[in-house]
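1. build me a model from this:
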Amino acid sequence: MTKKIPMRQCIGCGQMKSKKELLRILKTPEGEITMDVTGRKNGRGAYLCISGECLQRAVRTKGLERSFQMKIPPEVYERLEKEFKNINGK
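-> Residues are numbered from 1 along each chain as shown. From the prediction side, this is the model:
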């Protein structure tokens, strides 16, 4: 019997991919937005492709704001962009 691969939708491009291919953005119970590298932290998660383009698209289309049902300040997006650059090694 084959193991079922958990699939998630990127909030940037809308493509369905396996959970391992995506980065999890987390809204903690305290309302803080952070990147969840382990994918196991407690809170509401939204998924993005590892490419920076999907982050830009999610910012433009307010994908994170829809996922978390809250207004997201610009500094949160700036911090996420920095973390994306660190992950992508740019």
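2. what about residue 8, is that helix, strand or coil?
-> Under DSSP: H, G, I helix; E, B strand; the rest coil, residue 8 falls in the strand class.
3. pLDDT of the longest helix seen in the chain, averaged?
-> If you go by DSSP state H, the chain has its longest helix at helix 74-88. For helix 74-88, the mean pLDDT works out to 88.
4. what of stretch 45-53?
-> pLDDT averaged over stretch 45-53 gives 90.
5. what do you get for stretch 2-20?
-> 93.
6. before we move on, back to that, show me what counts as buried in the longest helix of the chain.
-> 77, 80, 83, 84 (16 or more other CB atoms under 10 Å). The way it works is simple: take the backbone N, C-alpha and C, and place the C-beta from them, glycine included.
7. my read: the last one touches residue 52, true?
-> Yes - if you go by CB atoms under 8 Å, residue 84 and residue 52 touch, sitting 5.4 Å apart.
8. if anything else comes up later, I'll come back, but that's it for now.
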